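> Provided below are the primary sequence and the corresponding predicted coordinates.
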Amino acid sequence: MVINSMVEEAKNSKILYRELCANEDLIPLFSKDWWLDYSVGADTWDVALVFKDGKIIASMPYVIKNRLGLKLSTLPELTQYLGPWIKPSQAKYPKILGQQKDIMTKLIEQLPRFDYFSQNWDYKQTNWLPFYWKGFQQTTNYTYVIDDMSSLDLLWSNFQENIRREIKKAENRNNLKFLDNPTIEDFIELNRKVYKRKNIKIPHNEQTFINLDKACAQRNARKIFIAVDADGMHHAGVYIVWDKNSAYYLMGGSDPELRNSGANSLCMWEAIKFASTVTKEFNFEGSMMEPVERFFRAFGGKQKLVFNVSKTPSLLLRLRSSLLNLSLKRNHLN
């Protein structure tokens, strides 16, 4: 009876959360119910909710997967952020922090048992202290965000000179245009070439990407930009998704033999210009890889902190992590 009650309660929570997502514009794109349905599967994710006066004031979706007998809670494929969403409060700042402590504590208490937990939070969620008090850890990552897209002239002036030069080269010298009605297959072909050039495995499941693309297209929440030359050669591509508050660079692709055409910069500029017509800001999704960070930074966005909040109750996983870190340190010293 207790198990049946828990299952029914979980179903009710997801029904209520779906209603919240349908009516609350402030729920970030990657936390939307439909995004989670397609990125990880409707039966794999769940959500913690906090109520006040019968209305949801906070939520935190999470994923639990079983791997080799361990329960792991990590980000779904192609999902950049999760973490808590808390309804904005008009209270004074000290009281807001107190409210966040109470709310986040309730969210944490609803999480199921896990051996490992890791989520990247939206950069706008800056208070992870209540999670620290519950034994979680935090690592800081970074992204770049253009938070004012009201003037394209101002955006252009904020680009570093090398980016402006590359865009002009792509347009004027190489006469690159944009493919009409590019397909997801067109983009995937370019995206594959990035990983082939680096000789690394594609980090996402392409079928999941295709399914997610269909869901985004149905909701008018994605656009593909592919730069082509007069011979029809596909030089580079950018794939963005968006909601009413932000556009996100999800991934890119390029032909390594056409890398010097300026197409990458041109595609990003076109994506930014388009994003300015449908939403409020442009999030480059950041990267801790130095060459990628340098490229994103050159578009004039503001650096934002992204918290990775994690916890490893499993002694076995903690031991494995410690041994791995020790091995890496030894290799570095040698």
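Nice, thanks for sending it over. All values reported here derive from a predicted model rather than from experimental measurement.
> Quick check: which ranges of the stretch 1-150 of the chain have low pLDDT?
Applying pLDDT under 70 to the stretch 1-150 of the chain flags residues 1-11.
> mind listing the strands for it?
Applying DSSP state E, counting those that start in this stretch to the stretch 1-150 of the chain gives strands spanning 45-52, 55-63, 65-67, 70-73, 85-86, 116-120, 137-146.
> would you list every one of the helices in the chain?
Per DSSP state H, the chain carries helices over the ranges 2-23, 33-39, 93-110, 129-132, 152-158, 161-168, 184-198, 206-218, 263-275, 290-297, 315-333.
> Outside of the third one itself, list whatever touches it.
By Cβ atoms under 8 Å, 6 or more residues apart in numbering, the residues outside helix 93-110 that reach it are 48-50, 57-60, 84, 86, 89, 91, 127, 129-131, 134. Backbone N, C-alpha and C define where each C-beta goes, glycine included.
> quick one on the thing from earlier: give me whichever of the helices of the chain is most buried.
Most buried of the helices of the chain, by mean neighbour count (mean count of other Cβ atoms under 10 Å): helix 263-275, with a mean of 23.
> Give me the angle between it and helix 161-168.
Using axes from the mean of the first three to the mean of the last three Cα atoms, to 10 degrees, the inter-axis angle of helix 263-275 relative to helix 161-168 is 90 degrees.
> Which neighbouring elements make contact with helix 263-275?
Contact analysis of helix 263-275 by 3 or more Cβ pairs under 8 Å, 6 or more residues apart in numbering; DSSP states H and E lists helix 161-168, strand 222-228, strand 234-242, strand 247-254, strand 282-283 as its packing neighbours.
> mind saving the C-alpha coords of that helix as PDB?
Provided in PDB are the C-alpha atoms of helix 263-275 (Å, rounded to 0.1, in the frame of the first residue of the first chain):
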ATOM      1  CA  ALA A 263      31.900  30.300 -41.800                       C
ATOM      2  CA  ASN A 264      31.900  29.500 -38.000                       C
ATOM      3  CA  SER A 265      31.900  33.100 -37.000                       C
ATOM      4  CA  LEU A 266      29.400  34.000 -39.700                       C
ATOM      5  CA  CYS A 267      27.000  31.200 -38.500                       C
ATOM      6  CA  MET A 268      27.200  32.400 -34.900                       C
ATOM      7  CA  TRP A 269      26.500  36.000 -35.900                       C
ATOM      8  CA  GLU A 270      23.500  34.900 -37.900                       C
ATOM      9  CA  ALA A 271      22.300  32.900 -35.000                       C
ATOM     10  CA  ILE A 272      22.700  35.800 -32.600                       C
ATOM     11  CA  LYS A 273      20.800  38.200 -35.000                       C
ATOM     12  CA  PHE A 274      18.000  35.700 -35.300                       C
ATOM     13  CA  ALA A 275      17.800  35.100 -31.500                       C
END
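> you'd agree W156 is up against M149?
No: using Cβ atoms under 8 Å, W156 is not in contact with M149; the gap is 11.5 Å.
> follow-up on the earlier one: can I get the strands of the stretch 1-150 of the chain in CSV including mean neighbour count?
Output for the strands of the stretch 1-150 of the chain, formatted as CSV (neighbours: other Cβ atoms under 10 Å):
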stretch, mean neighbour count
strand 45-52, 19
strand 55-63, 20
strand 65-67, 11
strand 70-73, 17
strand 85-86, 21
strand 116-120, 21
strand 137-146, 17
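> Need those strands in a markdown table (columns: distance to K193).
As requested, the strands of the stretch 1-150 of the chain are exported to a markdown table (distance: least, Cβ to Cβ, whole Å):
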| stretch | distance to K193 |
| --- | --- |
| strand 45-52 | 32 |
| strand 55-63 | 30 |
| strand 65-67 | 30 |
| strand 70-73 | 31 |
| strand 85-86 | 36 |
| strand 116-120 | 27 |
| strand 137-146 | 24 |
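> Go through the ones you listed and name the closest to A247.
In terms of Cβ to Cβ, the element of the strands of the stretch 1-150 of the chain nearest to A247 is strand 137-146, at 9.1 Å.
> what's next to that closest one, contact-wise?
120, 123, 128, 131-132, 155, 246, 272, 281-286, 288, 293, 296-297, 299-311.
> can you redo the helices and strands packed on helix 263-275 as a markdown table with distance to D33?
Formatted as a markdown table, the helices and strands packed on helix 263-275 follow (distance: least, Cβ to Cβ, whole Å):
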| stretch | distance to D33 |
| --- | --- |
| helix 161-168 | 37 |
| strand 222-228 | 17 |
| strand 234-242 | 15 |
| strand 247-254 | 18 |
| strand 282-283 | 21 |
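> Packed most tightly, which of these would that be?
strand 282-283 (a mean of 28).
> What pairs with that one, parallel or antiparallel?
strand 137-146 (antiparallel), strand 247-254 (parallel) (DSSP bridges).
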